[in-house]
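In: This is a predicted model, with the sequence first.
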Amino acid sequence: SILLVLAAPAVAFVAPRAAPSRRVEGASGMRAAAVPKGLASALLVGAVFSFSGDQPANLGPGKNGALLPCPTATTNCLSTSGPDEVHSTKPLKFKKPVDQAVADVKKVLSDYPAGGQNGIDGSGLKVIEARDRYIYAQATSGFFGFTDDVEFSFPDDKQMLIRSASRLGDSDLGVNAKRLTYITAELRSIGGWE
């Protein structure tokens, strides 16, 4: 085993082991736990490096306000542009002036919990660009710093198109769906959203 020291406030991690893990509480609030060698290496790499990936150069609304479709080779993206059932999500419809709908989305994103929600986005969500009918944000995981690109486009006065995509990996483990479910629920709680 390798001894991994986590500074408080630390994320608790309990490794599945046959023998109980050792915990030491120090006066400084430091905790030590026995962690399997492979996991310790992964945690150390994650603490030293950020896996944010490069921001795609082709983001933003295209023809008629459409957002990019998801690549079909991975399952780490949801978009109203599909291209298939695995990657598709429905546009959100609203019954209010488009400028108010845009303001609602900006409010939900600015109120997004800094420590994430539902076990995701531990480093929060930040709006990077906001213009008339387009909003671009980045969500970042807490420990490894994976960055996801989240876009909202308002092509007309009735609906909002959405895209949430992980930059790295083949699967997002449901993160994009959890994020969009949260944002959708928050918008519907404001009213005027279907």
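Out: Thanks, I have the structure now.

In: secondary structure class for the nearest residue to A130 once chain neighbours are set aside?
Out: Spatially, and ignoring its direct neighbours in sequence, A130 is nearest to K106 (6.2 Å; C-beta to C-beta, 6 or more residues apart in numbering). C-beta coordinates here come from the backbone N, C-alpha and C atoms, glycine included. Secondary structure, DSSP: H, G, I helix; E, B strand; the rest coil: K106 is helix.

In: Helices of this structure, start to end?
Out: 37-48, 98-110, 175-190 (DSSP state H).

In: Centroid-nearest residue for the protein?
Out: The chain has A139 as the residue nearest its centroid, 4.2 Å off, counting by C-alpha atoms, centre = their mean.

In: which residues touch it?
Out: Residues near A139 by C-beta atoms under 8 Å, 6 or more residues apart in numbering: 120-121, 124-125, 147-148, 150, 164, 179.

In: if you set the cut-off to 7 Å instead, what comes out?
Out: Contact analysis of A139 by C-beta atoms under 7 Å, 6 or more residues apart in numbering lists 121, 125, 148, 150, 179.

In: can I get the helices of the chain in TSV with mean neighbour count?
Out: TSV is the format used below for the helices of the chain (neighbours: other C-beta atoms under 10 Å):
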stretch	mean neighbour count
helix 37-48	13
helix 98-110	17
helix 175-190	18
